[in-house]
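Trainee: Structure for the following, please:
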Amino acid sequence: MPTTCVAGYCSNQASDSISLHKFPIDEKVREEWARNVRRTRGPRPGQKKWTPTTSSVLCSAHFTEECYDPVPGIKQALGCEVQHIRELLTGAVPTIFHRGSAPAAPAKRRKSRAAEKRLHQQTVAECLSMETVVEGRSDVSSPGVELEKDSALLTDSEPPVEVPPTESTDCGIQVKPDTKVHAVQVNLRAKRAVKSVQAQIKPPTKTVSTQNTPSQVTVATQTEITYSNWDETSDTASQMSVSVGDRMSMSDPDYDPSYDSGPDEDDHAEEVPVEEETSDSLPDTRIFLVFWTSLVHLFSVLCSCPLCPCRKLIWLCKEVGTYLKVTFKCEDCSYRWTWRSQPSFGRTAAGNILLSSSILFSGASVTKVLRVLSHMGVAVISARSFFRHQEQVLFKAVHTLWNQRQFWMLTVLEAEGEPLVCGGDGRADSPGHSAKYGTYTFMELTKTAVIDVQLVQSNEVGGSYHMEEEGLRRSLLKVGQHAQVGTLVTDRHVGINKMVREEHPLITHLFDIWHVAKSIKKKLQTLSKRRGCQELKPWVRSIINHLYWAVISTPAGSGDVIVAKWKSVLEHIHNRHGGFGGLFPACTHGPLEGREARKPWLTFHTKVSVEVEKILMRKTLLNDLRRLSPAYQTSYLEAFHSLILHFAPKMYHFSYQGMKCRVTLAALHFNENAHRVQARKSDGTSMFSVHFPKYKHGGHIVRKVLEKPTFEYVMELMAIVQRVCSGEDYAGDVLEVAGDEAPIPQPLSASCNRPNKEEAIRKHVCRFTANM
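Mentor: Model prediction:
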């Protein structure tokens, strides 16, 4: 027969929501239980009053939530094994008894968010309440725990810093911001045990980022916060008194003092020597942000010695970037064990290198990302650590993956045996003729894939005007080692036109329509704004549309037909539609109706007619029309250049390696997402979007909505980063990857005479003080 609750009007049995509890052994508490039960239950036959037996139980419906210990529930939520989920606290007494109906499981009263927040703040405040230590002892004594004053850290001239009880959940320890580094002994008073803690707080350091503008400052929160009250005073003092630079040189075998920009700029090494709990694969679980107060609460409530039931623990915390290491020591048996917040890749903390990788691989700015996290109070690496990661690991990973994919793309094109149809175009890192970097992209137009990207610095070729020509020369040399380029589509760059004609006579060099149409449109729009030429304005769009039609409707190799069709537009805007003679004698349209018939026709021998004829019938333009490409255009190249702006914005300056790496990342992203299909709604219909671009002057365009992009290349890069950090000499599947890498050019300031800094400052100051 199942056991039921002995309370009157209650017959609850054990279930998922109901638990049964035996009467306590303590006579006083047992009598209080029985007295409360007698309010709803009379005596048994032959008894004066009801008394419990050894099998009597009460269900959880008669107890409030405050009667239960929260520790088993928290342990179960964290994945720990617990014997009983609901355990009554010692001395808990049932107080909920109803007459006339069986009390079912009490419905949980929904609390408002504000009430839950206040309750959480009160709980954390109780767990983190602190007392100031005077002469090495706390105000609240703890049996078995004795705090000693560390003579190596606290001197008579530097009294202990007063640490008042905290009322905020943002930080477990509060110090005055203008104080120096002190060692402070405090007590963490929890519900069940008192834990002694010794804290050393160092204010955050500031690191000036050199990737963006020098005026932007990143507050690096990679400060090391050490908490300790170990008995080994000498070891603790020596460990906590080591300077930041010494700690870096000891923990980082790759530490280079040349990275230090000055004695006032502190930075902690991100390489953490870890002897165990190393990871052989990328993290397969999600990463969460955990508040420090929550960690303190977790350690205070749940941690106990695994060898003995003692809960008096001493713990030492070390923080390096996003990495947190907590070493526990039992006061009774002196057993020590370590908890780490993250795995490691070799000797590098996984969180630190993954943060640097994510910043670079997403094309973000390290200054802004670290500032966002710093505003949240998240422990992050410094900007200098990011640049060290970037130089030692991330650049190699990006170039390894690109060389591998480029090699296989060129191998496949070589195996097909067909001449390549390629498009090329250059991009400068700043407008005008003052660019430092020139990026030249070489794309296979039939596959819509970027097969080569070249970065040229202006001092390599004697000026920014020649960067595009040099980039094409390098791309043709690189691609020509594997496959033959049959057709090349570019813009009308004079230097490129001459170079291809003289150095590569076997390549069919064609021009892109968009670049020619853009040039003609600008000249026509300028003419339509002049006095006496306003009647040309309605014809500008029609003339440009006629250019596209003349080229696309003509078979390849028929340049004379394209020119004949183009000349007919001059007759058309003068209301003549036939009798032209030659290869295109008459217009192919039918009778004009509507808006086309109402356009103001131009008159021969007028000012606007003569000026339009000069623009449309220019000899150099007619020669270039014969070489316009009817089948392949460079529109995808322009789209790729827009994508580069996401990875390498023109408003920021990057080093040569940084610029090359970010352009390569853009190429990897483009090749993976260039063939996305159109997205569909739930009913299967295709999705479109309407836009109102500026160049339409109030008009609209309709675009296809494509599926969301993928980032499989980032996962491959992360795997390479892990291999490199683990010490593997990994170079991808291509064995001859870095043999023909171009050397890094000298900076533009290398040719300048660098003055003495002190002398330059002296002259600068005297120049202004002389006028005062």
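
Trainee: what sits against Ala648?
Mentor: 363, 429, 654, 659, 662-663, 666 (CB atoms under 8 Å, 6 or more residues apart in numbering). Using the backbone N, CA and C atoms, a C-beta is placed for each residue, glycine as well.

Trainee: can you do 6 Å?
Mentor: Neighbour list for Ala648: Arg662 [criterion: CB atoms under 6 Å, 6 or more residues apart in numbering].

Trainee: That one and Arg371, how far apart?
Mentor: From Ala648 over to Arg371 the distance is 20 Å, taken as CB to CB, to the nearest Å.

Trainee: same check, this time on His515
Mentor: For His515 relative to Arg371 (CB to CB), the value is 40 Å.

Trainee: what's the answer for Val37, then?
Mentor: 63 Å.

Trainee: do the same with Ala61
Mentor: 53 Å.

Trainee: For the closest residue to Gln481 other than its chain neighbours, report the pLDDT, please.
Mentor: Leaving out its chain neighbours, the residue that sits closest to Gln481 by CB to CB, 6 or more residues apart in numbering is Leu410, at 7.9 Å. The model reports Leu410 with a pLDDT of 94.

Trainee: Just to check, Leu410 is in contact with Gly480?
Mentor: No: with contact defined as CB atoms under 6 Å, Leu410 does not reach Gly480; the gap is 10.0 Å.

Trainee: And Gly532, its phi and psi?
Mentor: phi 80, psi 0 (degrees, to the nearest 10).

Trainee: surely it meets Lys607?
Mentor: Yes: the pair Gly532 / Lys607 is scored as a contact, 5.0 Å apart, by CB under 6 Å.

Trainee: Compare neighbour counts for those two and give me the winner.
Mentor: Lys607 (13 against 10; other CB atoms under 10 Å).

Trainee: So that one versus Arg531, what's the distance?
Mentor: Relative to Arg531, Lys607 is positioned 9 Å away (CB to CB).

Trainee: who touches both of these two?
Mentor: Common neighbours of Lys607 and Arg531 (CB under 6 Å, 6+ apart) do not exist.

Trainee: ok, Leu410 and Gly480, which is more surrounded?
Mentor: Leu410 (19 against 13).

Trainee: Low-confidence regions, the protein specifically.
Mentor: Scanning the chain with the threshold set as pLDDT under 70 gives 1, 74-82, 99-285, 431-433, 729-742, 767-772.

Trainee: swap the cut-off to 50 and go again
Mentor: Scanning the chain for pLDDT under 50 picks out the ranges 101-108, 124, 127-281, 733-739, 772.

Trainee: Report the contact partners of Trp539.
Mentor: Ile573.

Trainee: ok, now how distant is it from Leu524?
Mentor: Distance from Trp539 to Leu524, by CB to CB: 8 Å.

Trainee: Please apply the same query to His84.
Mentor: Distance from His84 to Leu524, by CB to CB: 86 Å.

Trainee: So if I had to pick from the two, which one is more boxed in?
Mentor: Between His84 and Leu524, counted using other CB under 10 Å, the more crowded position is Leu524 (21 against 10).

Trainee: Confirm that the more buried one sits in a helix.
Mentor: Yes: residue state for Leu524 (DSSP: H, G, I helix; E, B strand; the rest coil) corresponds to a helix.

Trainee: Next up, the contacts around it.
Mentor: Contacts of Leu524 (CB under 6 Å, 6+ apart): Val540.

Trainee: switch to 8 Å and redo it
Mentor: Applying CB under 8 Å, 6+ apart, the residues contacting Leu524 are 536, 539-540, 543, 612, 615.

Trainee: Among these, which one lies nearest to Ile314?
Mentor: Val540 (81.4 Å; CB to CB).

Trainee: I'd guessed Asp332 sits against Pro309; true?
Mentor: No: look at Asp332 against Pro309 with CB atoms under 8 Å: they stay out of range, at 9.1 Å.

Trainee: quick one: which of these two has more around it?
Mentor: Set Asp332 next to Pro309 and count neighbours by other CB under 10 Å: Asp332 wins out with 14 against 8.

Trainee: Leaving out sequence neighbours, find the closest residue to the more buried one.
Mentor: Counting by CB to CB, 6+ apart, the residue nearest Asp332 is Cys310, at 4.2 Å.

Trainee: Confirm Lys329 sits in a strand?
Mentor: Yes: looking at Lys329 with three-state DSSP, it is inside a strand.

Trainee: Go ahead and confirm it touches Ile314.
Mentor: Yes: at 4.6 Å, Lys329 and Ile314 qualify as touching, with contact defined as CB under 8 Å.

Trainee: can you give me the offset of the helix or strand harbouring His546 from its chain's centre?
Mentor: Secondary structure assignment for His546, by DSSP states H and E: helix 540-552. Put simply, helix 540-552 sits 44 Å off its chain's centre (CA atoms, centre = their mean, to the nearest Å).

Trainee: Which stretches in the stretch 351-500 of the chain count as helices?
Mentor: Using DSSP state H, counting those that start in this stretch, the helices of the stretch 351-500 of the chain run over residues 366-376, 383-389, 395-416, 458-461, 467-480, 494-503.

Trainee: Of all those, which one comes closest to Ser11?
Mentor: The nearest among the helices of the stretch 351-500 of the chain, by CB to CB, is helix 366-376 at 52.8 Å.

Trainee: give me the number of residues near the nearest residue to Lys49 once chain neighbours are set aside?
Mentor: Excluding its sequence neighbours, the residue lying closest to Lys49 (CB to CB, 6+ apart) is Pro43, at 5.0 Å. Neighbourhood size, Pro43 [other CB under 10 Å]: 11.

Trainee: surely Pro43 meets Ala34?
Mentor: No: Pro43 is beyond contact range of Ala34, at 11.2 Å (criterion: CB under 8 Å).

Trainee: Mutual contacts of those two, please.
Mentor: Trp50.

Trainee: related to what we said a few turns ago, going by neighbour count, which residues in the helix holding His546 are buried?
Mentor: Neighbour-count burial for helix 540-552 flags 540, 543-544, 546-547, 550-551 (criterion: 16 or more other CB atoms under 10 Å).
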